[in-house]
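Engineer: What follows is a predicted protein model with its sequence.
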Amino acid sequence: MAASLKPAYLKKVDQRGDFEVWIVDGSYIRGHIDEEFTNFGQHYRYPYIPLKEFWIDQEAEHDEREFFIQHLLTEFDLMDKGMPYDKALPEADRRERKERRRAGDVRKLTHRGQKLPDGHDVHDRLWKKLESGLTAWIVNGRLVRSVFNIDFTAGGHDYVYEFVPENEIWIDDAIVEQERAYVLLHELHERNRMSEGWPYSKAHAESSRLEYRCRHHPDELHDARATEGWT
């Protein structure tokens with residue numbers, strides 16, 4: 001184990017064949033190793049992860065561990081055989097989606113198929129309503145991934161996801177409390193830039209740089225959010 005990775009490890013929670021499954025501190029990883037680390041990962045997607053380890057970010061709410069493990073087993077196997085990530089991902093998503101259906105998440109949000117899913121149904125609690133009319137919501141990330149977009153991570157807004165209601169920013173409830181302010185800054189900045197006509201790729205890249213800076217200079221976070229309208 002490289003010394004630089006030691007703080008990322010929180011707890012070994014499973015052993016699947018040759019693979020150790022670790023709960024890791026995603027906040028530390030995003031702040032010190034890789035700002036684009038998501039909910040989980042394996043070596044061929046994130047080379048800093050040891051070959052026979054699966055990493056899963058600690059979850060604030062809802063147990064999604066088994067979904068992620070099934071995804072990682074499929075993704076690793078395909079990439080180990082030489083398949084590129086962009087081809088392996090849809091196959092791994094299909095495996096994960098099957099597990100989510102089996103768990104009953106889709107039936108829950110669609111009332112056993114009697115209605116189409118609605119973005120308002122995943123609201124957990126209102127964080128804040130701004131003078132502009134924009135609202136920030138903590139949402140049930142497990143249901144968002146199970147029913148709307150299996151790759152939803154950390155947060156999002158209506159300029160990126162068609163299932164997010166107009167003038168809303170969503171923050172995943174799987175993100176631990178101490179990380180939510182940074183994710184919110186990213187989403188606010190990204191949405192503001194896209195409302196000015198920026199393409200997503202450019203807005204996301206700049207928002208990631210701003211988020212990363214504030215993770216290393218938390219004294220700048222309050223002013224950065226205020227600049228984006230969080231008052």
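Structural biologist: Received, thanks. Numbering: from 1, shown residues only.

Engineer: Please enumerate the strands of the chain.
Structural biologist: Remark: strands assigned in the chain by DSSP state E are 9-16, 19-24, 40-42, 53-57, 123-129, 135-139, 155-157, 168-172.

Engineer: Tell me how many other residues surround Pro199.
Structural biologist: When neighbours are counted by other Cβ atoms under 10 Å, Pro199 registers 10. Where you see a C-beta, it was placed from the backbone N, CA and C, and this is true even at glycine.

Engineer: Tell me the spacing between it and His32.
Structural biologist: 29 Å (Cβ to Cβ, to the nearest Å).

Engineer: ditto for Lys98
Structural biologist: In terms of Cβ to Cβ, Lys98 sits 35 Å off from His32.

Engineer: can you list the strands of the chain in JSON lines and add mean pLDDT, distance to Asp219 and mean neighbour count?
Structural biologist: Converted to JSON lines, the strands of the chain look like this (pLDDT from 0 to 100; distance: least, Cβ to Cβ, whole Å; neighbours: other Cβ atoms under 10 Å):
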{"stretch": "strand 9-16", "mean pLDDT": "95", "distance to Asp219": "27", "mean neighbour count": "12"}
{"stretch": "strand 19-24", "mean pLDDT": "96", "distance to Asp219": "26", "mean neighbour count": "18"}
{"stretch": "strand 40-42", "mean pLDDT": "96", "distance to Asp219": "30", "mean neighbour count": "24"}
{"stretch": "strand 53-57", "mean pLDDT": "96", "distance to Asp219": "25", "mean neighbour count": "25"}
{"stretch": "strand 123-129", "mean pLDDT": "95", "distance to Asp219": "21", "mean neighbour count": "13"}
{"stretch": "strand 135-139", "mean pLDDT": "97", "distance to Asp219": "22", "mean neighbour count": "22"}
{"stretch": "strand 155-157", "mean pLDDT": "97", "distance to Asp219": "22", "mean neighbour count": "24"}
{"stretch": "strand 168-172", "mean pLDDT": "97", "distance to Asp219": "22", "mean neighbour count": "25"}
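
Engineer: Now render the ones you listed as a markdown table, adding distance to Gly229.
Structural biologist: Formatted as a markdown table, these follow (distance: least, Cβ to Cβ, whole Å):
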| stretch | distance to Gly229 |
| --- | --- |
| strand 9-16 | 35 |
| strand 19-24 | 33 |
| strand 40-42 | 32 |
| strand 53-57 | 28 |
| strand 123-129 | 11 |
| strand 135-139 | 11 |
| strand 155-157 | 13 |
| strand 168-172 | 11 |
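
Engineer: Please name whichever of those is nearest to Leu210.
Structural biologist: Leu210 sits nearest to strand 155-157 of all the strands of the chain, at 13.9 Å, using Cβ to Cβ.

Engineer: Have a look at Lys98 and His32 and say which one is more surrounded.
Structural biologist: Between Lys98 and His32, counting by other Cβ under 10 Å, His32 is the more crowded of the two (15 against 12).

Engineer: Mind pulling the model confidence for the more buried one?
Structural biologist: Note for His32: predicted pLDDT of 88.

Engineer: now swap in Ala226 and tell me
Structural biologist: Looking at Ala226, its pLDDT is 96.

Engineer: residues touching it, list them.
Structural biologist: Under the criterion of Cβ atoms under 8 Å, 6 or more residues apart in numbering, Ala226 has no neighbours.
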